[in-house]
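K.L.:
Coordinates for the following, if possible.
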Amino acid sequence: MALDWSKCPVVESVPGRVSGAWVFRGTRLPVSIIFENLDAGMTIDEVVEQFDIGQEQIHAVLEFVTRSLDETPTHAA
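P.N.:
Predicted coordinates:
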């Protein structure tokens with residue numbers, strides 16, 4: 001299931017910026033870097049310090065992903 005990142009208010013995709021990847025709004029920081037570093041064992045606080053991104057932005061992305069994954073897809077019969 002692909003997430004519709006356009007519905008997450010703290011991210012944006014701008015053609016020509018980071019090859020159109022989804023980044024935190026107003027930055028060049030790809031959203032994927034957060035997941036890669038959390039998966040590698042970093043804490044949210046460490047990610048905030050390392051990448052100069054706000055905890056609120058990280059939490060908004062994590063909440064968006066959680067809500068999106070919790071939604072039950074509807075299939076036409």
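
K.L.:
Residues in contact with the longest helix seen in the chain: which ones?
P.N.:
As assigned by DSSP state H, the longest helix anywhere in the chain is helix 55-70. Contacts to helix 55-70, defined as Cβ atoms under 8 Å, 6 or more residues apart in numbering, come from residues 1, 3-4, 7-11, 24, 31, 34, 44-45, 47-48. Quick note: C-beta positions are derived from backbone N, CA and C, even for glycine.

K.L.:
quick one: which of these is most hemmed in?
P.N.:
Each of the contacts of helix 55-70 was scored for neighbours by other Cβ atoms under 10 Å, and Val31 scores highest at 24 neighbours.

K.L.:
From Trp5, how far off is that one?
P.N.:
Taking Cβ to Cβ, to the nearest Å as the measure, Val31 and Trp5 are separated by 7 Å.

K.L.:
Mind listing the shared neighbours of those two?
P.N.:
11, 22.

K.L.:
Could I get the buried residue list for the longest helix of the chain?
P.N.:
For helix 55-70, the neighbour count (16 or more other Cβ atoms under 10 Å) marks 57-58, 60-61, 64 as buried.

K.L.:
before we move on, back to that, identify the farthest-apart pair in the contacts of helix 55-70.
P.N.:
For the contacts of helix 55-70, with distances taken as Cβ to Cβ, the pair at the greatest spread is Met1 and Asp45 (29.6 Å).

K.L.:
Could I get the contacting residues of Ile53?
P.N.:
If you count contacts by Cβ under 8 Å, 6+ apart, Ile53 has them with 24, 27, 29, 34, 47.

K.L.:
ok, 10 Å please
P.N.:
Neighbour list for Ile53: 10, 24, 27, 29, 31, 33-34, 44, 47, 61 [criterion: Cβ atoms under 10 Å, 6 or more residues apart in numbering].

K.L.:
With Gly20 instead?
P.N.:
By Cβ under 10 Å, 6+ apart, Gly20 lies in contact with 13-14.

K.L.:
Can you check the pLDDT for it?
P.N.:
At Gly20, the model reports a pLDDT of 92.
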